[in-house]
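*Asks:* Coordinates only, no sequence provided:
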């Protein structure tokens, strides 16, 4: 079989296979297109529905904590006429009077429809409903949404009120840091269904046993009620629990509809089915029409390619036969044959190659003479360039290279063997010339390379010696810092001393560079029978590392001097300790106004008396007090200790503030290295807001025996809370992540509830 016949048969078989594949693909793609369209539309419906519900929950949740942007919630207000005060009385009329304006504004803004209030035991005490008068006898019980227990945090979901579906959120309310009840916001589901129907261009129905709500149909077709009922019955059949989703289609009266069925369970164990329906006939027809057009286009293109290829083969193989005959004649020695070259395709290129072959045979003799002349010129060039190179090499190498050149001249002058074959000749002499010249040059390059390699080895050895010396210095430096750390730790109170004075306290002291500028001290003062007290100071000096460590030693001296002076005073005042330390550091360190030194510290000092009134003073130091769920920063003076003053600056004074430790559960003392530590995905400073949240998360209940894990809602009313120091420090470490520690960190937690009364 000829080649052109084989190619024609191959094109015909290929075309038939492609046509068969398109037919099979068309049948397979119909169901895939249908499934893809339904999946895409159902996904969009689910996203829109979830977004509408989330927007409703967010709106109600916002007004649980805010009245308007930047304004506190009505549940955070205090006073005799506040909503909290009205709830505490349990009087429905007072509650209604306190909340009417607030409730009306939220109803007008479409935020909620129902507002219910429960007491601390979970009993309903007041309901506000925009669709009927405020009369407890006509308001249905709402405890099915929140149960009978007090809400512990903000929560939300779907529920049923008076046989109507509603979206709701609930949250606890507090008075004086104690939970007094919970509040429930609810909004009817029907407006949300209408909003979804407009946005998704689909019908929706939410149903449960004996309860059903749906929108006005967006598409006019018979049987929608029957379809809704069957779908809802299938979705709420026995044995289904949780949130499930099902996608399907149905064909009614020649029109295809998509079904998006979601089932879930709402309190109290009520199965609910959400059915979303949309006409997808137009979408399916559009996709299928596009597929048919593409398939017909591909088939047409292949048909045109096959026809064009067949015609090309018929025209191309005839001149190819003529070219093959001419090539056979040239192979037999007939150089008079003529080859027609007039085409620009592959056949024309073959004919041109045959013509070139003929010209090559005719010019064979000329090429042979040119090759001999070129070889002679190349030999002369090699000799001349070698002589030039000899002048650039060292003296001891130049003589050997010139001797090689003399041997080259002798080889060149030797008689050459004559040959009639242009491809035969004495090329061995030229290769020997090149070998002798470049062999000598290669030897010289190798010598120079060995010298360079010796220099590199010498430099490498010196670098290794320098590196070893640097490593020794680094080890000595680390050893010095470790010894300095032991010296600095000697001024810190032991763990046993801290636990003796403040049982259950937690201390985390983490310098940035082994030693640092943070420190704390504990001094016991007993000047008489009626004056037994403990003084705890936590301070943060300028800088960190070795300079900061020196400052902590000086700071300890300054504080000890102030404590001794205060102990001798007729009327001790803990703020005077900071005044004395301020004068001491400024006198000892920053005495010269023109000196570069300008160092000082921030400090918190506590005068703790077991049998008397305690007090404290704070120089720009952060201390948080915690009582139950309430956490706040106690007052402090913004001035620091010891820094150089300008002529117009006033000498700072530090106020002595009384403090009743039994009023609080814990005191949390932190240095600014914790607040300034960067971390998180955006590499931002930790700051007060994040730290307060971490402290709140570390709070655990504590019974009156000091053991954590007790129930705060019952039992002994003296039970307090405990802050897990290890958990709080781990939260700070997790926020820091892989980021470098920026400053010294000190964390001290004093459990005030565990102190002697």
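*Replies:* Cool, the structure landed. Here the structure is a predicted model, which means the values were calculated and not measured.
*Asks:* which parts of stretch 663-680 are buried?
*Replies:* Within stretch 663-680, the residues that count as buried by 16 or more other CB atoms under 10 Å are 664-675, 677-679. For the C-beta atoms, the positions are set from N, CA and C on the backbone; glycine is no exception.
*Asks:* And that stretch, how far out from the chain middle?
*Replies:* Computed by CA atoms, centre = their mean, to the nearest Å, the chain-centroid distance of stretch 663-680 equals 25 Å.
*Asks:* Kindly report the same for stretch 447-463.
*Replies:* The answer for stretch 447-463 is 50 Å, by CA atoms, centre = their mean.
*Asks:* for the host helix or strand of residue 305, packing partners?
*Replies:* Assigned by DSSP states H and E, residue 305 belongs to helix 281-331. Helix 281-331 sits against helix 3-65, strand 255-266, helix 346-362, with contacts defined as 3 or more CB pairs under 8 Å, 6 or more residues apart in numbering; DSSP states H and E.
*Asks:* Adding distance to residue 516, write these out as CSV.
*Replies:* CSV is the format used below for those (distance: least, CB to CB, whole Å):
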stretch, distance to residue 516
helix 3-65, 39
strand 255-266, 55
helix 346-362, 83
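*Asks:* which of the ones you listed sits most buried?
*Replies:* strand 255-266 (a mean of 19; mean count of other CB atoms under 10 Å).
*Asks:* Tell me the strands beside the helix or strand that that strand is followed by, with direction?
*Replies:* Moving toward the C-terminus from strand 255-266, the next helix or strand (DSSP H and E) is strand 270-279. Strand 270-279 sits in its sheet next to strand 203-208 (antiparallel), strand 255-266 (antiparallel), going by DSSP bridges.
*Asks:* Next, the angle from strand 270-279 to helix 3-65.
*Replies:* 130 degrees (axes from the mean of the first three to the mean of the last three CA atoms, to 10 degrees).
*Asks:* Tell me which helix or strand residue 599 sits in.
*Replies:* In this assignment (DSSP H and E), residue 599 forms part of neither any helix nor any strand.
*Asks:* Now do the phi/psi pair for it.
*Replies:* Here is the backbone geometry of residue 599 (degrees, to the nearest 10): phi -120, psi 160.
*Asks:* Give me the number of neighbouring residues for it.
*Replies:* 21 (other CB atoms under 10 Å).
*Asks:* Look at the residue nearest to it when sequence neighbours are not counted and say how many residues are nearby.
*Replies:* Distances taken as CB to CB, 6 or more residues apart in numbering put residue 542 closest to residue 599, at 4.2 Å, once the chain neighbours are dropped. Around residue 542 there are 20 other residues, counting by other CB under 10 Å.
*Asks:* which residues does residue 542 contact?
*Replies:* For residue 542, the contact set (CB atoms under 8 Å, 6 or more residues apart in numbering) comprises 517, 548, 551, 599-601.
*Asks:* before we move on, back to that, run the chain-centre distance for the helix holding residue 305.
*Replies:* Its chain's average C-alpha position is 54 Å from that of helix 281-331, according to CA atoms, centre = their mean.
*Asks:* Give me the angle between it and helix 346-362.
*Replies:* On the basis of the same axes, to 10 degrees, helix 281-331 is oriented at 20 degrees to helix 346-362.
*Asks:* what's the model's confidence in helix 281-331, averaged?
*Replies:* Across helix 281-331, the average pLDDT comes to 73.
*Asks:* do stretch 374-391 as well
*Replies:* Averaging pLDDT along stretch 374-391 gives 70.
*Asks:* Could you do stretch 394-407 as well?
*Replies:* Mean predicted confidence for stretch 394-407 is 70.
*Asks:* The nearest residue to residue 256 once chain neighbours are set aside - how many residues pack around it?
*Replies:* Excluding the flanking residues, the one nearest residue 256 by CB to CB, 6+ apart is residue 281, at 4.7 Å. Counted with other CB under 10 Å, residues neighbouring residue 281 total 12.
*Asks:* I figured residue 281 hits residue 258, correct?
*Replies:* No: assessed by CB atoms under 8 Å, residue 281 is found out of contact with residue 258, at 10.0 Å.
*Asks:* Format the strands paired with strand 270-279 as JSON lines; extra columns: mean pLDDT and distance to residue 729.
*Replies:* Shown next, in JSON lines, are the strands paired with strand 270-279 (pLDDT from 0 to 100; distance: least, CB to CB, whole Å):
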{"stretch": "strand 203-208", "mean pLDDT": "82", "distance to residue 729": "48"}
{"stretch": "strand 255-266", "mean pLDDT": "80", "distance to residue 729": "41"}
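*Asks:* quick one: which of the ones you listed is nearest residue 185?
*Replies:* Closest to residue 185 of these is strand 255-266 (CB to CB; 16.3 Å).
*Asks:* how far out from the middle of the chain is the closest one?
*Replies:* For strand 255-266, the distance to the chain centre is 35 Å (CA atoms, centre = their mean).
*Asks:* For the residue minimising distance to the centre of the chain, report the pLDDT, please.
*Replies:* Closest to where the C-alpha atoms of the chain average out (CA atoms, centre = their mean) is residue 681, at 5.0 Å. Residue 681 carries a pLDDT score of 92 in this model.
*Asks:* Repeat that for the one 4 residues further on.
*Replies:* In this model, residue 685 is scored at 94, pLDDT.
*Asks:* With distance to residue 629 as extra columns, can I get the strands paired with strand 270-279 in TSV?
*Replies:* Listed next are those as TSV, based on distance: least, CB to CB, whole Å:
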stretch	distance to residue 629
strand 203-208	37
strand 255-266	29
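*Asks:* nearest to residue 79, of these?
*Replies:* So among the strands paired with strand 270-279, strand 255-266 is nearest, using CB to CB, at 37.4 Å.
*Asks:* So which helix or strand of the chain has the lowest pLDDT on average?
*Replies:* Scoring the helices and strands of the chain by mean pLDDT, DSSP states H and E places helix 143-146 at the bottom, with a mean of 54.
*Asks:* Next secondary structure after it?
*Replies:* strand 155-161.
*Asks:* List the buried residues for stretch 510-527?
*Replies:* So for stretch 510-527, counting by 16+ other CB under 10 Å, buried means 510-512, 514-523, 525.
*Asks:* just stretch 695-704 next, same as before
*Replies:* By neighbour count on 16+ other CB under 10 Å, the buried set for stretch 695-704 is 695, 698-699, 702-703.
*Asks:* still on that earlier bit, among the buried residues of stretch 663-680, which are located in strands?
*Replies:* Among the buried residues of stretch 663-680, the ones falling in strands (DSSP state E) are 666-670, 678-679.
*Asks:* Throw those into TSV and include distance to residue 573, thanks.
*Replies:* Compiled in TSV, those are given as follows (distance: CB to CB, whole Å):
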residue	distance to residue 573
666	26
667	20
668	25
669	21
670	25
678	39
679	40
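*Asks:* and which of those is nearest residue 6?
*Replies:* residue 679 (72.5 Å).
*Asks:* separation between the closest one and residue 508?
*Replies:* Separation of residue 679 from residue 508 (CB to CB, to the nearest Å): 16 Å.
*Asks:* Run the chain-centre distance for stretch 503-522.
*Replies:* On CA atoms, centre = their mean, the centre of stretch 503-522 falls 32 Å from that of its chain.
*Asks:* residues in contact with residue 157?
*Replies:* Residue 157 is in contact with 145, 167-168, 266-267, counting by CB under 8 Å, 6+ apart.
*Asks:* Show the contacting residues for residue 669.
*Replies:* Contacts of residue 669 by CB under 8 Å, 6+ apart are 538, 604, 621-623, 746-750.
*Asks:* The residue lying closest to it once chain neighbours are set aside: neighbouring residues, count only.
*Replies:* Spatial nearest neighbour of residue 669, excluding adjacent residues (CB to CB, 6+ apart): residue 748 at 4.2 Å. Residue 748 sits with 23 neighbouring residues when counted by other CB under 10 Å.
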